[in-house]
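Trainee: Prediction below, plus the sequence it came from.
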Amino acid sequence: MQIHDLRPNPGKNKKRKRVGRGISAGQGKTAGRGTKGQNARTGGGKGPYFEGGQLPLVRRLPFKRGFTNIFKVVYRPVNVGSLAAFEAGADVDPEALAAVGLLHKATDPVVILGDGDIKVALKVKAHRFSASAKEKIEAAGGAVTVIPLE
């Protein structure tokens, strides 16, 4: 086989149909549009939105409401009662909470909530504290430090 023997597959290249070019061309007069009617006219036919008068799909779908705040901070809650697992005087920070299994990741923002009781004095560092949690930690002789968010 030589380069000059190469040909496209039979039927691959097909001439386009030139409609409306006279009766002898086979697609003259009505040019394949039939006789009269909406679709025979220029610009005829309904758009993709029209569904025969039925409520169109895009209007049947529920509207998307509101928005998603991309700057929202999701705090991981830890209750004061679960801090009882630490010994007196211990430093409790996100890394220590993750090591004990109270947090999934040490990098997550933490909020300490006031559910439960605490008897031991702890130095607790977290990104946020509820008022009752702060009271309970300080009443037990501990200290509260707020870590700023990055």
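Mentor: Ah, there it is.

Trainee: The longest helix along the chain - contacts with which helices or strands?
Mentor: Secondary structure of the chain per DSSP state H: the longest helix is helix 131-139. The elements that helix 131-139 packs onto, with contact taken as 3 or more Cβ pairs under 8 Å, 6 or more residues apart in numbering; DSSP states H and E, are strand 110-113, strand 143-146. No exception for glycine: its C-beta is placed from N, CA and C like everyone else's.

Trainee: neighbouring strands for the first one, and are they parallel or not?
Mentor: Under the criterion DSSP bridges, strand 110-113 sits next to strand 76-79 (parallel), strand 128-129 (parallel) in its sheet.

Trainee: Please name whichever of these is nearest to residue 104.
Mentor: When those are compared by Cβ to Cβ, strand 76-79 sits nearest residue 104, at 7.1 Å.

Trainee: what about dumping the CA coordinates of that closest one to CSV?
Mentor: Only the C-alpha atoms of strand 76-79 are listed here, as CSV (Å, rounded to 0.1, in the frame of the first residue of the first chain):
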residue,chain,number,x,y,z
ARG,A,76,-16.4,20.4,67.3
PRO,A,77,-18.2,20.3,70.7
VAL,A,78,-16.5,18.8,73.8
ASN,A,79,-18.4,18.8,77.1
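
Trainee: which parts of it are buried?
Mentor: 76, 78-79 (16 or more other Cβ atoms under 10 Å).

Trainee: Over to stretch 95-110?
Mentor: 96-98, 102-103, 110.

Trainee: show me the contacts for residue 100.
Mentor: With contact taken as Cβ atoms under 8 Å, 6 or more residues apart in numbering, residue 100 is in contact with 85-86.

Trainee: about what we covered before: tabulate the helices and strands packed on helix 131-139 (a markdown table), appending mean pLDDT and distance to residue 121.
Mentor: Converted to a markdown table, the helices and strands packed on helix 131-139 look like this (pLDDT from 0 to 100; distance: least, Cβ to Cβ, whole Å):
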| stretch | mean pLDDT | distance to residue 121 |
| --- | --- | --- |
| strand 110-113 | 96 | 15 |
| strand 143-146 | 96 | 8 |
